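Asks: Sequence and predicted structure, then a few things I'm wondering about:
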Amino acid sequence: MPELLSAHPAALDDGWTIPAERARDWRRHKRKPRLFISSHEPPQPAERTRIHESWYVEHRQRQFREAAMSSRKAFHRGLDFIKPPAGLALRLDRRDEHVDLRIDGARVVERPVGRSRRAPFERRFLRTEFAEIVFEHRLARLRAEGFTAGAQPITNVRFEEDMLAAPRLIGAQLERRGDPTGTLLAFQVERLLRDGDDARAMERELLDSLTAMTFGPIPDLGEPFACIDDGHDGLLAWAYDEDAATIEDALRPELALIGRDTLGFSPDDSDVSLGVVGLHRLRRFLASAAGRSLRSLRLMISGALGPFLDLLNAHSCASAVTSLVVRGASPSVGAALPGLRGLGAPERNLANLLAQPAPALRYLTVFRGDDDVRGALAPLDPEKLPSLEHLALWYRPTRPEGLRALAAHPLVRRLRSLEIWSADDAKRFPFEDLLALRPSLSHLARLLLGGHLVPAGAQAQLAAWPAVELVSHDRREVLALDIAALGWTRALR
């Protein structure tokens, strides 16, 4: 990781360390070209469109050649991300009783202040994750007993409204590292902005050159909470909680070995949540000076959404959440997350999530349905989703009658793009019935279909429909779209 991007200047006084003498270098670095492999700075988009179109195409072709030459190298997905401060101190009050709760790295301290019969608690753990879980458990227990902790609202913050800011920024960082994935992201961002034959052709050539390359989750931050500097004194953030497999296979067994006496609770208790590391690190970030630089937040939640909502509301920044992937039962997101523009959820939760209008929602991904695509249509009220432009239906059987119901749905009639995707269902997909519905779906700019195992005859027929694009099992053709819509690529795999 380049050292000069390891922290954010806005928070130099709050545990986010960067040598003061290098702050000027950091600012100079921000002004360098962020999107292009070439050292030649391109003109602005409007100027480029007006008089430099031929230069721009030539420039992008040169990028493609450079990326293609690099495609056989082994690249990692590491990014220049920023970690939250290592410590946090909270004062909790209940009438005339006060408690200090602190975490510093792997050490947790709870001390009564003034007259109190509460026993103090102090432990040091071998891993910071264990300390973070213990801190969150003790905080939850104090709140259940009636203690409250004040939170500083984040005010006068400009939240990010450009859903392509994240894939554009990630692509720029990967390009600087020589990873052709960054160039691919740049091409795909441009296609989402202004599609055309040149953009499609260059993207296709680059994809053809990367057939031997594997694509993992992007961004692969390796942390349940991290931020990336947007180059304009703002931070784009990602947070997730641990899934059930991680909790049951790793966290719970290790915590059980530590024991109740050291932890202060039993990890086997049904009311104890262990997937709280991402929540805790988001808490530390929002309590720090750098929290005022938050521009957008992407969440991926396997458990309960409620604790994240409570934390965000305490700091008056729920509007910063731009995309949400949620697997468990959750309340309606329309009023709770007014800035939400991308949502991914299982079909069984869709009715609750969309019970209230979600006027800002632009991307919706529905996955894991027992029925065909018709099962996802009932909760989709066009009046509640006035801004929706992309609908993705994943991991479900697709039947002719389901396709006909989908094409006739009033919400689908005004979409810009539609996706019906599964990694292994293409042999059973009713392509002939889809082709017969082409007049009803002619308004779509993009129709994305699972491209894995598509019969050759069907591919030849679909080639005559310009809006149709086949998406591979690793979804390399839509990396930028997935980051914009869900926050991560392969977020639901």
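Replies: That came through, no problem. Because the structure is a prediction, the values reported are computed rather than measured. Residues are numbered from 1 along each chain as shown.

Asks: quick one: secondary structure of Thr297?
Replies: Residue 297: Leu, not Thr. Here Leu297 is recorded as strand under DSSP: H, G, I helix; E, B strand; the rest coil.

Asks: gap between it and Gly339?
Replies: Distance, Leu297 to Gly339, using Cβ to Cβ, to the nearest Å: 9 Å. Placement of C-beta: from N, CA and C, glycine included.

Asks: and for those two, which residues touch both?
Replies: Counting by Cβ atoms under 8 Å, 6 or more residues apart in numbering, the contacts common to Leu297 and Gly339 are Ala320, Val321, Thr322.

Asks: Any chance of those residues in a markdown table with neighbour count, distance to Ser209 and secondary structure as columns?
Replies: Output for the shared contacts of Leu297 and Gly339, formatted as a markdown table (neighbours: other Cβ atoms under 10 Å; distance: Cβ to Cβ, whole Å; DSSP: H, G, I helix; E, B strand; the rest coil):
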| residue | neighbour count | distance to Ser209 | secondary structure |
| --- | --- | --- | --- |
| Ala320 | 23 | 38 | helix |
| Val321 | 26 | 37 | strand |
| Thr322 | 29 | 32 | strand |
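
Asks: now, among those, which is nearest to Ala485?
Replies: Thr322 (10.1 Å; Cβ to Cβ).

Asks: Check the closest one and give its pLDDT.
Replies: The model reports Thr322 with a pLDDT of 96.

Asks: Pull the number of nearby residues for the residue lying closest to it once chain neighbours are set aside.
Replies: Spatially, and ignoring its direct neighbours in sequence, Thr322 is nearest to Ser296 (4.6 Å; Cβ to Cβ, 6 or more residues apart in numbering). Residues lying near Ser296 (other Cβ atoms under 10 Å) number 25.

Asks: if we look at the sheet, which residues does Ser296 bridge to?
Replies: Beta-bridge pairing for Ser296 (DSSP bridges): Leu236.

Asks: mind checking pLDDT for Ala149?
Replies: 88.

Asks: I'd assumed Ala89 was in contact with it.
Replies: No - contact between Ala149 and Ala89 fails when scored by Cβ atoms under 8 Å: they sit 10.4 Å apart.

Asks: From the neighbour counts alone, determine which of these two ranks first.
Replies: Per other Cβ under 10 Å, whichever of Ala149 and Ala89 has more neighbours is Ala149, with 15 against 11.

Asks: ok, the more buried one - contacts?
Replies: Leu90, Arg91, Leu92, Asp93, Leu139, Arg143.

Asks: Need the phi and psi values for the last one.
Replies: The one in question is Arg143. With angles defined as degrees, to the nearest 10, Arg143 sits at phi -70, psi -40.

Asks: For stretch 208-221, what is the distance to the chain centroid?
Replies: On the basis of Cα atoms, centre = their mean, to the nearest Å, stretch 208-221 sits 17 Å off its chain's mean C-alpha point.

Asks: I should have written stretch 394-414 there, sorry.
Replies: Centroid displacement of stretch 394-414 relative to its chain, using Cα atoms, centre = their mean, is 27 Å.

Asks: Tell me the buried residues in that stretch?
Replies: Across stretch 394-414, burial judged by 16 or more other Cβ atoms under 10 Å covers 394-396, 398-399, 402-404, 406-407, 409, 411-412.

Asks: neighbouring contacts of it?
Replies: By Cβ under 8 Å, 6+ apart, stretch 394-414 touches 347, 365-377, 380-382, 385, 388, 391, 393, 418-422, 425, 428-430, 433-434, 437, 440-441, 443, 492.

Asks: Buried ones among those residues?
Replies: Using 16+ other Cβ under 10 Å, the buried members of the contacts of stretch 394-414 are 347, 365-367, 369, 372-377, 380, 385, 388, 391, 393, 418-422, 425, 429-430, 433-434, 437, 441, 492.

Asks: Dihedrals phi and psi, the closest residue to Trp488 other than its chain neighbours?
Replies: Leaving aside its sequence neighbours, Trp488 sits nearest to Pro217 (Cβ to Cβ, 6+ apart; 5.5 Å). When read as degrees, to the nearest 10, the backbone of Pro217 gives phi -60, psi 140.

Asks: Adjust the sequence numbering to begin at 379 for everything that follows.
Replies: Done: numbering now begins at 379, and the last item shifts to Pro595.

Asks: roughly how far apart are Pro595 and Asp860?
Replies: In this structure, Pro595 and Asp860 are 10 Å apart, going by Cβ to Cβ.

Asks: who has more neighbours, the two?
Replies: Taking other Cβ under 10 Å, Pro595 and Asp860 do not tie; Asp860 has more neighbours (27 against 13).

Asks: wait, is the more buried one part of a strand?
Replies: No - remark: Asp860 does not belong to a strand; assigned using three-state DSSP, it is helix.

Asks: How about it, nearest residue that isn't a chain neighbour?
Replies: With Cβ to Cβ, 6+ apart as the criterion, Asp860 has its nearest non-adjacent residue at 4.5 Å, and that residue is Thr867.

Asks: Quick check, that neighbour in contact with Val849.
Replies: No - under the criterion of Cβ under 8 Å, Thr867 makes no contact with Val849, lying 11.6 Å away.

Asks: Looking at these two, which is more packed in?
Replies: Counting neighbours by other Cβ under 10 Å for Thr867 and for Val849 shows that Thr867 has the greater number, 26 against 22.

Asks: State the distance from that one to Ser697.
Replies: Relative to Ser697, and taking Cβ to Cβ, Thr867 is found at 25 Å.

Asks: tell me the contacts of Leu812?
Replies: Leu781, Leu827.

Asks: That one is in what secondary structure piece?
Replies: Per DSSP states H and E: Leu812 is located in helix 809-814.

Asks: Could you list every helix and strand in contact with the helix or strand that comes right after that helix?
Replies: Under the assignment DSSP H and E, the closest C-terminal helix or strand after helix 809-814 is strand 824-828. Contacting strand 824-828 under the criterion 3 or more Cβ pairs under 8 Å, 6 or more residues apart in numbering; DSSP states H and E are the following elements: strand 795-799, strand 846-849.

Asks: So, low pLDDT: which residues of the stretch 379-528 of the chain?
Replies: Filtered on pLDDT under 70, the stretch 379-528 of the chain yields the residue ranges 379-456.

Asks: hmm, back to that, with respect to Ala667, which of the shared contacts of Leu675 and Gly717 is nearest?
Replies: Nearest to Ala667 among the shared contacts of Leu675 and Gly717 is Ala698, at 16.2 Å by Cβ to Cβ.

Asks: what's the closest non-adjacent residue to the closest one?
Replies: Nearest one to Ala698, counting by Cβ to Cβ, 6+ apart, is Leu675 at 4.6 Å.
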